[in-house]
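Participant: Next input, structure requested:
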Amino acid sequence: MGRKKIQPESYQKRTYRLSMEQSDLVSCLVQIKETDLHIQADRDVTKKASELVLQYRLQIEGYIPDHPGFLTSLIPLPMDALAPPVVRDMLQASEAAGVGPMAAVAGSIAAFVGKKLVSEGVSEIIVENGGDIFLQRQKECTIAIFAGQSVLSNKVGLVLSPGQMPCGICTSSGTVGHSLSLGKADSVTVVAQSAAFADAVATLIGNEVGGANGGKAGISRALEKAKEMAGIMGAVVICGDLLGAVGDVRLTRLDRRSLLD
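Facilitator: Numbers count the residues shown, from 1 in each chain. So this is what the prediction gives:
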């Protein structure tokens, strides 16, 4: 079970974004209410991305008054064929993962913005929304894993090939940020074609690492849960100084210089 809370984050310094800068892409920020996007693309997309964020937020905000459970539920809700597209995406992802629909909100918005920009001619784009990423590049790309105070934070990267894109790379944490997690993992990162599904599954898997289930036992439990989730490419779990991975994921060791290149 799990959901993402909608709370203001503008006061938080997202220092991990320094490690995400791609020298060959144009970087922009789009901050509207709780949505805080760091977008890198082959052109400046600030104006269009801002319009899209407003559009997709309006779909979600307009749906909640008549469906308050959408905001608060920790379990899947029935599919609503009449719901707006981004809401249907979240409902579908939460049903497949077995969590509440708000567990998929950040990944869904990132993907909707990214896919729409691609459909309008953008060929290279990274949309990051609070650690949840939509990725479309024409070359191999390495994504650093931010894991809070863990000694492994920003020391390990996920290597994605063009053949795996477009995809979502989403991270849930029980020790970092405002998202609701019942676990204690420093980071659970999931890769899937659907960013909304990756976001929801990261919440689900993260719930497995907590309390008496921490450490090696918790990581093993989380990875076993990940193996049950059809539709993900793989998952990486970091808890303290321990790391575990499953699926079709390629990891690389990073140092500060490689993060800033």
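
Participant: Now do the buried residues in stretch 25-43.
Facilitator: Burial within stretch 25-43, assessed by neighbour count using 16 or more other C-beta atoms under 10 Å, is assigned to 25, 27-28, 30, 34-42. For the C-beta atoms, the positions are set from N, CA and C on the backbone; glycine is no exception.

Participant: Tell me which two in the residues you listed are the farthest apart.
Facilitator: Across the buried residues of stretch 25-43, no pair lies farther apart than 34 and 42, at 27.4 Å, counting by C-beta to C-beta.

Participant: residue ranges of the helices in the stretch 51-200 of the chain, please?
Facilitator: Per DSSP state H, counting those that start in this stretch, the stretch 51-200 of the chain carries helices over the ranges 69-72, 85-97, 105-119, 195-206.

Participant: Just say which of these is most tucked in.
Facilitator: When those are scored by mean count of other C-beta atoms under 10 Å, the highest mean neighbour count falls to helix 195-206 (a mean of 33).

Participant: which helices and strands sit right next to that one?
Facilitator: Helices and strands touching helix 195-206, as assessed by 3 or more C-beta pairs under 8 Å, 6 or more residues apart in numbering; DSSP states H and E, comprise helix 85-97, helix 105-119, strand 132-136, strand 167-172, strand 187-192, helix 215-228, strand 232-239.

Participant: angle of that helix against helix 85-97?
Facilitator: Between the axis of helix 195-206 and that of helix 85-97 there is an angle of 40 degrees, by axes from the mean of the first three to the mean of the last three C-alpha atoms, to 10 degrees.

Participant: average pLDDT for helix 195-206?
Facilitator: Over the span of helix 195-206, the pLDDT mean works out to 96.

Participant: Just put the buried residues of stretch 25-43 in a markdown table and tack on secondary structure, distance to residue 190 and pLDDT.
Facilitator: As requested, the buried residues of stretch 25-43 are arranged in a markdown table below (DSSP: H, G, I helix; E, B strand; the rest coil; distance: C-beta to C-beta, whole Å; pLDDT from 0 to 100):
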| residue | secondary structure | distance to residue 190 | pLDDT |
| --- | --- | --- | --- |
| 25 | coil | 24 | 94 |
| 27 | strand | 25 | 96 |
| 28 | strand | 26 | 95 |
| 30 | strand | 24 | 97 |
| 34 | coil | 22 | 91 |
| 35 | strand | 21 | 95 |
| 36 | strand | 20 | 96 |
| 37 | strand | 19 | 97 |
| 38 | strand | 19 | 97 |
| 39 | strand | 21 | 97 |
| 40 | strand | 21 | 97 |
| 41 | strand | 24 | 97 |
| 42 | coil | 26 | 95 |
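
Participant: Right, I'll call it a day here.
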